[in-house]
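how would this look folded up:
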Amino acid sequence: MIKNYSKISTALVNLLSLPISPVAIKFTNEVIPDISQFESEYPSPTPDGRTGAVAAGCVFWMKAEKNTFATVASDHANCSVGCLTHGLKSLDEVAGNADVQAVCEAGWVSPEIFPSIPVVKTKSGFIYYGPLSDTTIVPDLILLRVIPKQVMQIQSAVPQLRFEGKPQCHIVALAKEEGEIVVSTGCMLSRARTGMSNNEMTCAIPESRLEELMISLESVCDSALAVAGYAANDSHRFL
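Presented below is the predicted three-dimensional model:
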């Protein structure tokens with residue numbers, strides 16, 4: 001049975017005061033009726049053959065805030081790191097690409113980290129993106145764009161909350177494959193390509209843990225409001 005994701009999305013937005021709608025992501029080999037393919041003209045390939053519908057798969061997170069669409073592997077192919085983390089290409093297939101070489105030569109990462117980067121284990125024919133409020137399918141995970149205050153609330157609700165750094169997109173694999181609620185501090189590769197604010201981070205939530213998180217957040221946010229009210233009133237003595 002499909003949950004009322006519109007109601008869940010509204011509750012998440014209200015609890016955390018999210019300015020940006022949660023995004024649902026689904027990996028599958030099934031063609032889902034009534035969901036259109038993402039449309040974009042691919043630019044000319046780079047010398048190593050890279051091109052795609054957008055500069056990197058994380059750009060689809062931004063596009064999905066307002067529209068639901070399907071993507072295929074070639075749509076993601078401009079970003080070798082994203083193709084790796086999303087299970088669309090193997091390390092052997094991307095290791096020699098110019099973008100991988102560039103981040104290594106810059107000292108941003110070392111080549112040794114690549115075998116240990118979390119990845120989606122099975123290659124999917126389609127990856128679906130869209131607002132959680134509009135989804136008609138059960139997503140694998142929900143992605144939030146969050147600021148430190150919201151991360152504080154999520155961490156209170158999930159004491160063992162996992163924090164990760166670069167590359168930002170591997171939190172998708174951690175949520176999907178390991179069932180972890182995980183926050184990424186972001187990465188410059190993604191921030192430059194998406195335009196994501198320097199004040200924002202991302203949080204990936206497995207669909208299977210969504211109800212658990214919502215219950216905990218309700219309690220956390222109520223108590224946070226109470227404490228904030230107390231602190232504000234107490235501070236008036238110093239004005």
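
part of a strand, is Val183?
Yes. Under DSSP: H, G, I helix; E, B strand; the rest coil, Val183 falls within a strand.

wait, isn't it in contact with Gly165?
No. The criterion here is CB atoms under 8 Å, and Val183 misses it with Gly165 at 10.2 Å. No exception for glycine: its C-beta is placed from N, CA and C like everyone else's.

who has more neighbours, those two?
Between Val183 and Gly165, Val183 has the larger neighbour count (other CB atoms under 10 Å), namely 22 against 12.

buried ones in whichever helix or strand Ile215 is part of?
According to DSSP states H and E, Ile215 maps onto helix 210-235. Of the residues in helix 210-235, Leu210, Leu213, Ser216, Leu217, Val220, Cys221 count as buried by neighbour count, 16 or more other CB atoms under 10 Å.

show me what contacts the third one?
Right, Ser216. Ala157, Val158 (CB atoms under 8 Å, 6 or more residues apart in numbering).

need the pLDDT of Ser219.
At Ser219, the pLDDT value in this model is 89.

with the one 4 residues further on instead?
Taken from the predicted model, the pLDDT recorded for Ser223 is 88.

what helix or strand is Leu84 on?
helix 80-85.

any idea how far the helix holding Ile215 is from the chain center?
Average the C-alpha atoms of helix 210-235, do the same for its chain, and the two points are 25 Å apart (CA atoms, centre = their mean, to the nearest Å).

coming back round to it: in CSV, list the buried residues of helix 210-235 along with distance to Leu189.
Compiled in CSV, these are given as follows (distance: CB to CB, whole Å):
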residue, distance to Leu189
Leu210, 28
Leu213, 28
Ser216, 32
Leu217, 30
Val220, 32
Cys221, 33
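
between those, which is nearest Ile2?
Checking those against Ile2 by CB to CB gives Leu210 as the nearest, at 12.9 Å.

distance of that closest one from Gly195?
To Gly195, Leu210 is 27 Å away according to CB to CB, to the nearest Å.

can you tell me how far Pro33 sits from Thr136?
9 Å.

more crowded one of the two?
Set side by side, Pro33 and Thr136 show more neighbours around Thr136, with 13 against 6, by other CB under 10 Å.

okay, now the unreliable bits of this protein?
Applying pLDDT under 70 to the chain flags residues 1.

and the spatially most central residue of it, which of the three is it?
For the chain, the residue nearest the mean C-alpha position is Leu143 (4.3 Å; CA atoms, centre = their mean). Following three-state DSSP, we place Leu143 in the strand state.

which residues touch it?
Taking CB under 8 Å, 6+ apart as the test, what Leu143 contacts is Pro22, Val23, Ala24, Ile25, Trp61, Val172, Thr202, Cys203, Ala204, Ile205.

so what's the residue count around the fifth one?
As a burial measure, Trp61 scores 23 neighbours (other CB under 10 Å).

just confirm it is within a helix.
Yes. Assessed by three-state DSSP, Trp61 belongs to a helix.

contacting residues for Thr136?
Contacts of Thr136 were listed using CB under 8 Å, 6+ apart, and they are Ile2, Ile32, Asp34.

which one of these is nearest Ala77?
Ile32 (21.6 Å).

helix, strand, or coil at that closest one?
coil.

wait, it sits on Pro139?
No. Here Ile32 lies out of contact with Pro139, judged by CB under 8 Å, at a distance of 11.4 Å.
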